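Asks: pasted the sequence and its predicted model underneath.
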Amino acid sequence: MKKSTELILAAAGGTAARAVMDQMSQLEVSRYRLSFKKLPREFDGLKIVHLSDLHNKKYGFGDSELYFAIMKESPDLIFMTGDMISHAGENREDFFMLVEKLSQQIPIFYVNGNHECSDLGEEGFAEMTKRFADAGVFCLDNTSVTLYRGKSALNLCGLCYTAEYYKGVRQHKFNWNDFTLDEMKKFCGEKPSEDFTVLLAHNPLDFDVHAEWGADLSFGGHIHGGFIRLPIVKGIISPELRLFPKYKEGVYTKGRSALVVSRGLGRIRFFNPPELVTVTLKSK
């Protein structure tokens, strides 16, 4: 009887594990329409696909499944907010194939996360940077570009800081620096102009600083949707192993600033499907 019970429990555990694995690969698309008084009318209807935290996960050969999901959304721009590559190992070539194919059709803007900066090493990081440049990807680490439609302009900025500002990451599990407005200015300078400004920044937990700096709209990831999601409270734990992170998925506002957080595409997740985000901007 005991042996039969153990077999039943083992079978149930295997079924549950398979269900979790299946769910981890079922890509969800979240679509948002965000309206801003400050957005020039020429940019009304601008559609953005936002990807984050792939962590070397593979969606078919050359990430073909992810490619077709992106193309189905017909975006004008693609934003990638870091941790798309965790290390120099498995499935990295599939990601490069995806980027090279997409960039032939749609402008891609990329900002590095803590894993690209920490895991790849100097040689791997240099190779990634070259592959991006060869493919025409715009890497916005602490730089900005201006996009034009007609006579109107939109600023696009990227924040990339070092490991000591990620609470609980690597050697900074108990010793980190707070990220303040002064730190934001140190990395990115003053806000480029009074034009509508979009900020790509891997860590959304700094949203209060981004808003104070003057970002009208920020995009981030890093929190992985809180890893484990429950009804109502949604994600319950952050990469820093802190409960109920403040900004974990979806859209948040602070004053006139807005934040879009992706749940990410990779890593282990429970009741938390990987997510592709589409944002359509509207001018009020």
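Replies: Done, it's in. Residues are numbered from 1 along each chain as shown.
Asks: only C-alpha atoms for contact and neighbour calcs from this point on.
Replies: Noted.
Asks: Val145 contacts Asn155, doesn't it?
Replies: Yes: Val145 lies in contact with Asn155 (Cα atoms under 8 Å); the separation is 6.1 Å.
Asks: measure the spatially most central residue of the chain to Arg31 for me?
Replies: Centroid-nearest residue in the chain: Ser52, 2.7 Å away (criterion: Cα atoms, centre = their mean). Separation of Ser52 from Arg31 (Cα to Cα, to the nearest Å) stands at 15 Å.
Asks: Three-state assignment for Phe109, please.
Replies: strand (DSSP: H, G, I helix; E, B strand; the rest coil).
Asks: mind starting the numbering at 19 from now?
Replies: I'll keep to 19 as the first residue from here, and by that count the last item is Phe127.
Asks: pLDDT at it, what is it?
Replies: At Phe127, the model reports a pLDDT of 98.
Asks: that one contacts Val117, correct?
Replies: No: Phe127 is beyond contact range of Val117, at 10.6 Å (criterion: Cα under 8 Å).
Asks: overlap of the contact sets of those two?
Replies: Common contact partners of Phe127 and Val117 (Cα atoms under 8 Å, 6 or more residues apart in numbering): Val155.
Asks: now do the end-to-end distance for stretch 274-283.
Replies: Span of stretch 274-283 from end to end, Cα to Cα: 29 Å.
Asks: got it, and stretch 104-123?
Replies: 26 Å.
Asks: residues contacting that stretch, please?
Replies: Outside stretch 104-123, the residues touching it (Cα under 8 Å, 6+ apart) are 73-76, 79-82, 85, 103, 126, 133-134, 137-138, 142, 149-150, 153-155.
Asks: just the buried residues from those, in ChimeraX please.
Replies: Buried members of the contacts of stretch 104-123, defined by 16 or more other Cα atoms under 10 Å, are picked up in ChimeraX with:
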select :73,74,75,76,80,81,82,85,103,126,133,134,138,150,153,154,155
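Asks: rewinding a little: distance of the residue nearest to the centre of the chain from Phe61?
Replies: 24 Å.
Asks: low pLDDT regions in the stretch 19-168 of the chain?
Replies: The stretch 19-168 of the chain contains residues with pLDDT under 70 at 19-43, 106-107.
Asks: rewinding a little: the more surrounded of Val163 and Asn173?
Replies: When neighbours are counted by other Cα atoms under 10 Å, Val163 and Asn173 differ, and Asn173 comes out ahead with 20 against 14.
Asks: isn't there a strand covering the more buried one?
Replies: Yes: judged by three-state DSSP, Asn173 forms part of a strand.
Asks: that one pairs with what?
Replies: Thr164, Thr215 (DSSP bridges).
Asks: and the one 4 residues further on, by the same measure?
Replies: Following DSSP bridges, Leu177 is listed with bridge partners Ala219.
Asks: that one and Lys203 touch, don't they?
Replies: No: Leu177 lies out of contact with Lys203 (Cα under 8 Å); the separation is 10.0 Å.
Asks: those two: who's more crowded?
Replies: Remark: of Leu177 and Lys203, Leu177 carries more neighbours, 22 against 13, as counted by other Cα under 10 Å.
Asks: return the residues in contact with the more buried one.
Replies: Going by Cα under 8 Å, 6+ apart, the list of residues near Leu177 reads 129, 158-161, 205-206, 217-220.
Asks: now, among the residues you listed, which is nearest to Glu230?
Replies: Glu230 lies nearest to Leu217 out of those, by Cα to Cα, at 12.4 Å.
Asks: assign Leu52 to helix, strand or coil.
Replies: From three-state DSSP, the assignment for Leu52 is strand.
Asks: returning to what we had before: residues in contact with the residue nearest to the centre of the chain?
Replies: Ser70 touches 98-102, 238-240, 280-283, counting by Cα under 8 Å, 6+ apart.
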